[in-house]
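K.L.:
sequence isn't available, so here's the structure alone:
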């Protein structure tokens, strides 16, 4: 029985069912991309369902990365592991509680002053508008009344710092307690937990996974510590500037700038702009311009000095990758997503880089990689016939 020649269609097949090679390759890429996209979608849906667990876990990871150097230092001084972990966590908790109490106290004391100054600015604006424009004073009074009512009605929320974005107080307390316990055990027993996770994988993958995890953890620790220093610098500079200018709500605004500095590129500028706005409303144009100039100089110092020296030696991400990760995290999880996205991407990038370097080191020195093929092959030049015999 005769067989068909290679590369030709069978007699019973219609010629139009043959798919061009380019279209077949595109289809193969498309269904693989769809499978990957479906896997990521399922992962995001799972994270959304487990938000009360995921957010405290990532918070604990960042806190552990920040506090781990202090715990390691005490262990090197022969402190017991449990005592070192408990002591560092207790000191961190007391510092956070003291800052929170101070901010709430100052906000409660200075918020009425802010409302009075806003009311004064509104009165001045009303007199100007009535004298120089044809705007009906009743319409202006309605708008200004709504602004003041909104400020007064939200005083307790702003003073207490309860900006929950839809979360209840019980959920916040649960997440905080869960983050505390996860942080404790990551600091106390993190190495043994990581070894247990690595042992779950096949033996051939353990070496790569162990090295990738160590590289990712060093990157995360360096990123969080460096970003903390940068954020503290921003908060102190803006806080001192506002204090010298007599702007109200100095402590809350400085803390907001500090927290916003954990969001790369836009965080410090966004919350610094809020400080400029409050200064403009309460102190006038010249003080607001001074805060704006300080904010610009402060961000230039970060971009050209602090980021390269403090953060850049740990994290090597292209600005486009940072922007994409930041935007994606903000769209998926709001403010927490914007804070967590860049350190997660930086850690994953470091881990993948370690695996790639380790695999490349296992290749023979004389191995020819695909990109090192001769130029004539890439250009589609003449190819020699197979070695087993001449072409017929």
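P.N.:
Arrived safely, thanks for sending. All values derive from a computational prediction rather than experimental measurement. Residues are numbered from 1 along each chain as shown.

K.L.:
figure out how far the strand or helix carrying residue 238 is from the centre of its chain.
P.N.:
Taking DSSP states H and E as the definition, residue 238 sits inside helix 203-245. Averaging C-alpha positions (C-alpha atoms, centre = their mean, to the nearest Å) puts helix 203-245 11 Å from its chain's average.

K.L.:
packing partners of that helix?
P.N.:
Applying 3 or more C-beta pairs under 8 Å, 6 or more residues apart in numbering; DSSP states H and E, one finds that helix 203-245 makes contact with helix 51-76, helix 169-199, helix 250-260, helix 267-283, helix 285-301, helix 319-361. Any C-beta I mention is one placed from the backbone N, CA and C, and that applies to glycine too.

K.L.:
make JSON lines from those and add mean pLDDT to it.
P.N.:
Output for the helices and strands packed on helix 203-245, formatted as JSON lines (pLDDT from 0 to 100):
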{"stretch": "helix 51-76", "mean pLDDT": "89"}
{"stretch": "helix 169-199", "mean pLDDT": "86"}
{"stretch": "helix 250-260", "mean pLDDT": "86"}
{"stretch": "helix 267-283", "mean pLDDT": "83"}
{"stretch": "helix 285-301", "mean pLDDT": "89"}
{"stretch": "helix 319-361", "mean pLDDT": "82"}
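
K.L.:
deepest in the core, which of the ones you listed is it.
P.N.:
Neighbour counts (mean count of other C-beta atoms under 10 Å) averaged over each of the helices and strands packed on helix 203-245 peak at helix 250-260, with a mean of 23.

K.L.:
tilt between that helix and helix 267-283?
P.N.:
Helix 250-260 runs at 160 degrees relative to helix 267-283, counting by axes from the mean of the first three to the mean of the last three C-alpha atoms, to 10 degrees.

K.L.:
need the residues that contact helix 250-260.
P.N.:
99, 102-103, 106-107, 110, 158, 161, 231-232, 234-236, 238-239, 242-243, 247, 267-268, 270-272, 274-275, 278 (C-beta atoms under 8 Å, 6 or more residues apart in numbering).

K.L.:
ok, now stretch 172-188?
P.N.:
Among residues not part of stretch 172-188, those counted as contacts by C-beta under 8 Å, 6+ apart are 52-53, 55-57, 59-61, 63-64, 67-68, 71, 81-82, 85-86, 88-89, 93, 164, 193.

K.L.:
sorry, back to before: so for residue 26, which of the helices and strands packed on helix 203-245 sits nearest?
P.N.:
Comparison of those against residue 26 by C-beta to C-beta identifies helix 319-361 as nearest, at 24.3 Å.

K.L.:
now do the closest one against helix 267-283, angle only.
P.N.:
In terms of direction (the same axes, to 10 degrees), helix 319-361 departs from helix 267-283 by 160 degrees.

K.L.:
which neighbouring elements make contact with helix 319-361?
P.N.:
Counting by 3+ C-beta pairs under 8 Å, 6+ apart, helix 319-361 packs on helix 51-76, helix 203-245.

K.L.:
averaged pLDDT, the helix holding residue 238. What do you get?
P.N.:
For helix 203-245, the mean pLDDT works out to 88.

K.L.:
tilt between it and helix 169-199?
P.N.:
If you take the same axes, to 10 degrees, helix 203-245 sits at 140 degrees to helix 169-199.
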